[in-house]
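Participant: generate coordinates for the sequence data below:
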Amino acid sequence: MERLTFESDDLAVTEDFLSRAYATMRIGSNVPGPSRVRVRRTGIAPVSIDEIDLDFEMRYSVTPLGRFCLCVVHEGVVRDHAVRGVEDSFGPGDAVLLAPPDLPFSGRICNARYDVTMLDPALLSQVAGVAAGPGEQPVRLTGHRPLSAEAGGQLVRTIGYLRDHVLNDPALAEQPLVASTAAQHLAAVVLSTFPSTALAEGPDTDSRDGHPAVLRRALAHIDDHADEPVTVAEIAAAAHVTVRALQYAFRRHLDTTPLAHLRRVRLALAHRDLVAADPTTDVTVTEIAARWGFHHPGRFASLYRETYHHAPHRTLSAES
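Facilitator: Predicted structure coming up:
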């Protein structure tokens, strides 16, 4: 897990820090007075979230970051933000793609408080089911504004929950299944928020590979590795088919997706641990849920009730 904090009112020191923390950049200000910057970063391998406060107007010009960079503005404004000739300005409540991984950008930040979320490009491709390899193009976000206000609001809430309730709890964030599921959930929300090259496949895609043998191999891999971070691409490789063929097999035979089935398997394992737990100890439902990658207690409880028809704490507190 990554954590860092920074605070300075020296522009040269700030420029050096930002260049090391993000990518080579040039900053400046024509406004006299203090130029205080505060940055707090928390992150796991494929995702980082920075909370940033600028008490002045700052110009910036940044080289490509190598990651997707999202921005959620809480106070102040980002003006004249330009990427490949396209300019826009953002204010409180806006959630935008600040920059794709491979393009430079520039603009002005005016007395703003905002979050910067950076994602590994490979994460989006994994969640979208795009396999890495010769001839395969990584997923690209093709617009910087959300598809709708509702989609933007969902992204803001997802980033806020990940920042405040997962990354802010090192004991939770350092659990491998929590880290992988939280990162994949954020990537899925990003893909549903912005226009992208990740197109939904039709029902007949790679249908020749959608037979029960594929499913048996995939289900066996999920059962054997449910306690490890697992991606759709890894399940497909174990089943000896493409990601699209795997998705077709699950749709055709189980009317679900590989990751939804993995979630059900982990839910069953969490149920097993709740049944086996000693209610006289200090073990909690939240701890057992996190052990199996469920980082949102409310969603875990809802899924558990839907499956087992009562709350998880009832299972935990039941007499053996």
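Participant: all strands for this structure, in order.
Facilitator: 2-8, 25-28, 37-44, 47-54, 57-62, 68-83, 86-90, 95-99, 105-119 (DSSP state E).
Participant: can I get these in CSV with distance to Ala318 and mean neighbour count?
Facilitator: Backbone N, C-alpha and C define where each C-beta goes, glycine included. Formatted as CSV, the strands of the chain follow (distance: least, Cβ to Cβ, whole Å; neighbours: other Cβ atoms under 10 Å):
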stretch, distance to Ala318, mean neighbour count
strand 2-8, 39, 13
strand 25-28, 57, 16
strand 37-44, 34, 19
strand 47-54, 37, 21
strand 57-62, 56, 18
strand 68-83, 42, 19
strand 86-90, 51, 15
strand 95-99, 43, 23
strand 105-119, 41, 20
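Participant: closest to Tyr161 out of those?
Facilitator: strand 47-54 (10.8 Å; Cβ to Cβ).
Participant: re the thing from before, select, out of the strands of the chain, the one closest to Pro176.
Facilitator: strand 37-44 (9.6 Å).
Participant: now do the closest one against strand 2-8, angle only.
Facilitator: Interaxial angle of strand 37-44 relative to strand 2-8 (axes from the mean of the first three to the mean of the last three Cα atoms, to 10 degrees): 180 degrees.
Participant: tell me the angle of strand 37-44 relative to strand 105-119?
Facilitator: Counting by the same axes, to 10 degrees, strand 37-44 lies at 30 degrees to strand 105-119.
Participant: partners of strand 37-44 in the sheet?
Facilitator: Strand 37-44 pairs in its sheet with strand 2-8 (antiparallel), strand 47-54 (antiparallel), by DSSP bridges.
Participant: make CSV out of these and add distance to Arg263 and mean pLDDT.
Facilitator: CSV is the format used below for the strands paired with strand 37-44 (distance: least, Cβ to Cβ, whole Å; pLDDT from 0 to 100):
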stretch, distance to Arg263, mean pLDDT
strand 2-8, 26, 95
strand 47-54, 19, 97
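Participant: can I get the ones you listed in CSV including distance to Phe90?
Facilitator: As requested, those are exported to CSV (distance: least, Cβ to Cβ, whole Å):
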stretch, distance to Phe90
strand 2-8, 23
strand 47-54, 13
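Participant: turn the strands of the chain into CSV, including distance to Leu186.
Facilitator: Putting the strands of the chain into CSV (distance: least, Cβ to Cβ, whole Å) gives the following:
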stretch, distance to Leu186
strand 2-8, 15
strand 25-28, 25
strand 37-44, 10
strand 47-54, 6
strand 57-62, 22
strand 68-83, 9
strand 86-90, 20
strand 95-99, 12
strand 105-119, 7
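Participant: who wins for proximity to His225 among these?
Facilitator: Across the strands of the chain, His225 has its closest neighbour in strand 37-44 (19.5 Å, Cβ to Cβ).
Participant: how far off centre is that closest one?
Facilitator: The chain centre lies 16 Å from the centre of strand 37-44; the measure is Cα atoms, centre = their mean, to the nearest Å.
Participant: closest to the centroid, which residue in the protein?
Facilitator: Closest residue to the average C-alpha location of the chain: Leu186 at 2.6 Å, with Cα atoms, centre = their mean.
Participant: okay, that one: pLDDT?
Facilitator: At Leu186, the predicted lDDT confidence score is 95.
Participant: so who does it touch?
Facilitator: Taking Cβ atoms under 8 Å, 6 or more residues apart in numbering, we find Leu186 in contact with Val47, Thr117, Leu119, Thr158, Ile159, Leu162.
Participant: hmm, which two among these are most spread apart?
Facilitator: Leu119 and Thr158 (11.9 Å).
Participant: who's in contact with Ala198?
Facilitator: Contact partners of Ala198, counting by Cβ under 8 Å, 6+ apart, are Leu124, Ala128, Gly129, Val130, Val139, Leu191.
Participant: by neighbours, which of those residues wins?
Facilitator: Greatest neighbour count in these, by other Cβ atoms under 10 Å, goes to Leu124: 26 neighbours.
Participant: is it true that that one touches Phe68?
Facilitator: Yes. The criterion here is Cβ atoms under 8 Å, and Leu124 meets it with Phe68 at 6.8 Å.
Participant: identify the contacts common to those two.
Facilitator: By Cβ under 8 Å, 6+ apart, Leu124 and Phe68 have these common neighbours: Leu141, Val190.
Participant: before we move on, back to that, with distance to Thr231 and pLDDT added, can I get the contacts of Ala198 in JSON lines?
Facilitator: Listed next are these as JSON lines, based on distance: Cβ to Cβ, whole Å; pLDDT from 0 to 100:
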{"residue": "Leu124", "distance to Thr231": "12", "pLDDT": "91"}
{"residue": "Ala128", "distance to Thr231": "11", "pLDDT": "82"}
{"residue": "Gly129", "distance to Thr231": "9", "pLDDT": "73"}
{"residue": "Val130", "distance to Thr231": "11", "pLDDT": "67"}
{"residue": "Val139", "distance to Thr231": "14", "pLDDT": "90"}
{"residue": "Leu191", "distance to Thr231": "14", "pLDDT": "93"}
